[in-house]
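J.: No sequence on hand, only this structure:
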């Protein structure tokens, strides 16, 4: 069976508004369940692909700072 997890996740969240996306992200983080990690990864991929290089540098800076704590 050939299953494309990325496509399934994108199909599941397609058409979500900002509130729905926020709920999805917060719920995934608060639950701490590892099964939510692929979905967060796909959301991050969408974010990364839709930001400028300057915004990407800000994201990387924030991540690096967060990992130093």
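T.: Yep, that arrived. Everything numeric in this text was worked out from a predicted model, so none of it was measured.
J.: Please name every helix or strand in contact with the longest helix seen in the chain.
T.: Ranked by number of residues, the top helix in the chain under DSSP state H is helix 53-68. Under the contact criterion of 3 or more CB pairs under 8 Å, 6 or more residues apart in numbering; DSSP states H and E, helix 53-68 touches helix 37-49. (Glycine included, C-beta is placed from N, CA and C.)
J.: Let's test this: mean pLDDT of the helix it packs on, rounded?
T.: What helix 37-49 shows for mean pLDDT is 96.
J.: now the residue nearest to residue 39 when sequence neighbours are not counted: how far from residue 25?
T.: Computed as CB to CB, 6 or more residues apart in numbering, the closest residue to residue 39 that is not its neighbour in sequence is residue 9, at 5.2 Å. Distance of residue 9 to residue 25, given as CB to CB, to the nearest Å: 13 Å.
J.: okay, those two: which has more neighbours?
T.: Each of residue 9 and residue 25 has its neighbours counted (other CB atoms under 10 Å); residue 9 has more, 18 against 15.
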